[in-house]
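1. how does the following fold in three dimensions:
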Amino acid sequence: MQFPERLTTLRKARGLTQQMLADMAGVAVLQIRRYEGGNSQPTLDVIRRLAIALGVSADMLVFDEQERGPDEQLRYQFETISRMPQYEQDVIRELLDAMIIKNQVTGAIARVAQGAAKEES
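-> Purely as a prediction, here's the structure:
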């Protein structure tokens, strides 16, 4: 489901008219019509205000259910970790943070090296 359909579905599920949602989010009703019709895309600030007005996360407005979140294997692992003692969870979080930072630094170094190689060419 695309953004226009998600917005329309959430608005209707909450019993709101386009005018009511526009008033709650502080945008013109014409803009809500454009968003729902797929003729316009909201800014990040408007997505935030729409999410607040609808009582959902911005992710729920932007992403499909399966687009965001861990795959099934990671979900199972996270559920298992959540049942471990707190000190073990803390160790695992620190390991994950370290691996994420390592991956980000490796990617940044590669991008810098590519940029330097282009300049030398």
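2. burial of residue 53, as a residue count?
-> Close neighbours of residue 53, defined as other CB atoms under 10 Å, add up to 20. C-betas here are computed from N, CA, C, even on glycine.
3. hmm, it is touching residue 22, no?
-> No. Between residue 53 and residue 22 there is no contact under CB atoms under 8 Å: 9.0 Å.
4. wait, what's in contact with the closest residue to residue 52 other than its chain neighbours?
-> What sits nearest to residue 52 in space, not counting adjacent residues and going by CB to CB, 6 or more residues apart in numbering, is residue 25, at 7.6 Å. By CB atoms under 8 Å, 6 or more residues apart in numbering, the contact set of residue 25 is 32, 46, 49, 50, 52, 53.
5. which SSE is residue 101 in?
-> Per DSSP states H and E, residue 101 falls inside helix 86-120.
6. repeat for residue 48
-> Assigned by DSSP H and E, residue 48 falls in helix 44-54.
7. from the contact counts, what lies against that helix?
-> With contacts taken as 3 or more CB pairs under 8 Å, 6 or more residues apart in numbering; DSSP states H and E, helix 44-54 sits against helix 3-13, helix 18-25, helix 58-62.
8. and the average pLDDT for the following helix or strand past the second one is what?
-> So that's helix 18-25. Where DSSP H and E defines the elements, the next helix or strand beyond helix 18-25 is helix 29-37. Computed over helix 29-37, the mean pLDDT rounds to 97.
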